[in-house]
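Engineer: quick one: sequence and predicted model below, then my questions.
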Amino acid sequence: MASRFLVAHRVDLPEARKMVATLSQSDTPAAGQSTRSAIGLATAAKRQRRIGTAVQIAVFICFGIGVAKSTFTGTHLLATAAIWFISALAWHIFGPSSFGFMLGKQSRVTTAMAYAFVWLYQLFMFGWIFPLGFGIYRVTTR
């Protein structure tokens, strides 16, 4: 597939192979060094993802406990869940398709803001499930 693309754009394949073969070994990084750094970055990313997931689950559990211990009636919780779901669905359909502030110059502050915004976005999109569940429970056990 790649060779067809190169031929279609009139790239001389034998000449390209010759140029790649003549690259000196000093121009390319050592195989072991690049592999180790890539593995280190992957391990750090996995650790950060696990920590973020654990924090999200803990906050969702606290949110669920707060809704469960609230004094709202079942019908109020069902109405809240319905309004929350409709607004989340509308945001998902009509909202922005990308988060523009994530694309600029990367710093710790912008990265923290991006993580916070994505976390709040997830809470907004899936948080309606708690009032719905507890509302159904309170209405059916009445």
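Structural biologist: Perfect, thanks for sending it. Residues are numbered from 1 along each chain as shown.
Engineer: relative to Val20, how far out is the closest residue to Leu78 other than its chain neighbours?
Structural biologist: Closest residue to Leu78 apart from its sequence neighbours, by Cβ to Cβ, 6 or more residues apart in numbering: Gly135 at 3.8 Å. To be clear about C-beta, it is placed using only N, CA and C from the backbone, and glycine gets the same treatment. Going from Gly135 to Val20 by Cβ to Cβ, to the nearest Å gives 64 Å.
Engineer: neighbour count: these two, which is higher?
Structural biologist: Gly135 (22 against 8; other Cβ atoms under 10 Å).
Engineer: ok, the more buried one touching Ala68?
Structural biologist: No. Between Gly135 and Ala68 there is no contact under Cβ atoms under 8 Å: 10.7 Å.
Engineer: contact partners for His76?
Structural biologist: The neighbours of His76, taking Cβ atoms under 8 Å, 6 or more residues apart in numbering as the test, are Gly135.
Engineer: quick one: it from Leu123, how far?
Structural biologist: Distance from His76 to Leu123, counting by Cβ to Cβ: 20 Å.
Engineer: let me know the pLDDT of Lys46.
Structural biologist: On the pLDDT scale, Lys46 is placed at 77.
Engineer: any idea which element it lies in?
Structural biologist: Element membership for Lys46, per DSSP states H and E: helix 31-68.
Engineer: now swap in Thr71 and tell me
Structural biologist: Thr71 belongs to no helix or strand, assigned by DSSP H and E.
Engineer: who's in contact with the residue nearest to Leu78?
Structural biologist: Contacts of Gly135 (Cβ under 8 Å, 6+ apart): 74-78, 80-81.
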